[in-house]
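Asks: Show me the folded form of this:
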Amino acid sequence: MQSARTTPRRHSRAVLAGAALIAVATGVLAPTPAGADPSTAAEAADLVRKAAQELTVVDEQLHDAELVVAEHRKAAAAAAEQAAAAHEAVAVYEPQLRAIAQTAHTGVSQSRMAAFLTSESATELVQQITTLDLIADHTDVVVSAAAQAQRAAREAQAAADEAAALAEAAAQQLRDQKAEVEKRAAAYQDDFARLSAAEQERVTTAVAGRSLSAPSVDELPVVPGSAAAVAIAAALAQVGDSYASGGTGPDAFDCSGLTSFAYGTAGVKLPHSSRAQSTLGRQVSRDELQPGDLVFYYSPISHVALYIGNGLIVHARTYGKPVAVTSVDQNGYRFGVRLTG
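Replies: So this is what the prediction gives:
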């Protein structure tokens, strides 16, 4: 029964650590102080560019928070399973406990004195006393085991309740913060729409690079049929699709949604978070980039693209602009990651 008693405590420590992590992962949405209204179109465009970058960071932080909430829910489910197993262990002892209680109630149990009075020989007396000692020992073992199982059940249930409460609190916090992001995104879209076409293009180029013609997979230096080739073909097929916060396809994407979608078609599962994706595989330098590598931007990591070769990337760029092919050499370049090979 020892493992049943310690497991709930391990769950409790895990979910409390998760609570600290959710605070870090979602603590980026403090309201930005409002500045003076822009006096020129250029100032307005610059404010929109900054807002676009800020919202990209927030989007990716929310994806991190979603991963934490998922861990909370897994912890809650695991703790609930432990609680159920502990309650089943208690149930095993119930028939024996009832029998012991019934025996004590009806006075059927024999004492050593009764054995002495009823035994017809010394041998029979020894046998009866030995039997009584065995019954007493067995009773003690059953009662002790039942008590341990009950304690384990209570601890496991408490851990399950705690994990479930933390999961729900984290989920509610995430829902509230998503609503805040959606509000800010709507305000950004309104600001962006008021810019001229030239100003919109300048903002998008400043944030995520100038859109270039998309090559075909046959033109790229990638091994046909490889996971990288399949992912690149899938990503290039999305060029022109809309940018959407939290989008994972098939018609709208954010940056990590596009890379996870593309590699998903090749049977490679990626988390929907640029930060989480940056911890996978092996880091490579700018000069070492190969088609299929993931490329990451900014500090902390808040944007990811798929390198397709020849100095090009395909990525879901920013609010208001579709998936596009651009140069890999964008502001904020950090490093590449090779997932396969």
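
Asks: Which parts of the stretch 151-300 of the chain are strands?
Replies: Assigned by DSSP state E, counting those that start in this stretch, the stretch 151-300 of the chain shows strands spanning 242-243, 252-253, 282-284, 294-297.

Asks: Nearest to residue 228, out of those strands?
Replies: strand 294-297 (10.4 Å; C-beta to C-beta). C-beta: built from backbone N, CA, C; applies to glycine.

Asks: Next secondary structure after that closest one?
Replies: strand 303-309 (DSSP states H and E).

Asks: close enough to count as contact, residue 255 and residue 298?
Replies: No - when contacts are counted by C-beta atoms under 8 Å, residue 255 is not listed as touching residue 298 (10.8 Å).

Asks: which of these two has more neighbours?
Replies: residue 255 (29 against 17; other C-beta atoms under 10 Å).

Asks: follow-up on the earlier one: so what sits against both of residue 255 and residue 298?
Replies: Both residue 255 and residue 298 lack any common contact, where contact means C-beta atoms under 8 Å, 6 or more residues apart in numbering.

Asks: Do you have the helices of the stretch 151-300 of the chain handy? List them.
Replies: Secondary structure of the stretch 151-300 of the chain (DSSP state H, counting those that start in this stretch): helices at 197-208, 227-236, 255-264, 274-278.

Asks: Can I get the ones you listed in JSON lines including distance to residue 63 and mean pLDDT?
Replies: Output for the helices of the stretch 151-300 of the chain, formatted as JSON lines (distance: least, C-beta to C-beta, whole Å; pLDDT from 0 to 100):
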{"stretch": "helix 197-208", "distance to residue 63": "18", "mean pLDDT": "77"}
{"stretch": "helix 227-236", "distance to residue 63": "18", "mean pLDDT": "96"}
{"stretch": "helix 255-264", "distance to residue 63": "6", "mean pLDDT": "97"}
{"stretch": "helix 274-278", "distance to residue 63": "7", "mean pLDDT": "95"}
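
Asks: okay, those helices, which one's buried deepest?
Replies: helix 255-264 (a mean of 26; mean count of other C-beta atoms under 10 Å).

Asks: quick one, that helix and strand 303-309 angle?
Replies: For helix 255-264 against strand 303-309, the angle between stretch directions is 40 degrees (axes from the mean of the first three to the mean of the last three C-alpha atoms, to 10 degrees).

Asks: which strands and helices sit next to helix 255-264?
Replies: Helix 255-264 makes packing contacts with helix 41-106, helix 227-236, helix 274-278, strand 303-309, strand 312-315 when contacts are defined by 3 or more C-beta pairs under 8 Å, 6 or more residues apart in numbering; DSSP states H and E.

Asks: Including distance to residue 335, could the ones you listed go into a markdown table?
Replies: A markdown table is the format used below for the helices and strands packed on helix 255-264 (distance: least, C-beta to C-beta, whole Å):
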| stretch | distance to residue 335 |
| --- | --- |
| helix 41-106 | 16 |
| helix 227-236 | 17 |
| helix 274-278 | 8 |
| strand 303-309 | 11 |
| strand 312-315 | 13 |
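
Asks: what's the closest of those to residue 216?
Replies: helix 227-236 (7.7 Å).

Asks: Touching the closest one from outside, list them.
Replies: Contacts to helix 227-236, defined as C-beta under 8 Å, 6+ apart, come from residues 214-217, 220, 222-223, 258-259, 261-263, 265-268, 290-293, 306, 308, 314, 323, 325, 339-341.

Asks: go with 7 Å
Replies: 214, 217, 220, 222-223, 258, 261-263, 265-266, 268, 291-292, 306, 308, 314, 340 (C-beta atoms under 7 Å, 6 or more residues apart in numbering).

Asks: are any of those buried, and which?
Replies: 214, 217, 220, 222, 258, 261-263, 266, 268, 291-292, 306, 308, 314 (16 or more other C-beta atoms under 10 Å).

Asks: wait, which of these is closest to residue 274?
Replies: Among the buried ones among the contacts of helix 227-236, and counting by C-beta to C-beta, the member closest to residue 274 is residue 258, at 10.6 Å.

Asks: Who's the closest spatial neighbour of that closest one, skipping the chain neighbours?
Replies: residue 316 (4.4 Å; C-beta to C-beta, 6 or more residues apart in numbering).

Asks: ok now do the closest residue to residue 251 other than its chain neighbours, which residues does it touch?
Replies: Closest residue to residue 251 apart from its sequence neighbours, by C-beta to C-beta, 6+ apart: residue 241 at 5.5 Å. Residue 241 sits next to 251-253, 322-323 when contact means C-beta under 7 Å, 6+ apart.

Asks: Now list the buried members of the residues you listed.
Replies: Among the contacts of residue 241, the ones that count as buried by 16+ other C-beta under 10 Å are 252-253, 322-323.

Asks: Quick one: low-confidence residue ranges for the stretch 101-250 of the chain.
Replies: Residues of the stretch 101-250 of the chain meeting the criterion pLDDT under 70: 101-143, 146, 207-208.

Asks: count of neighbours near residue 145?
Replies: Neighbours around residue 145, by other C-beta under 10 Å: 16.
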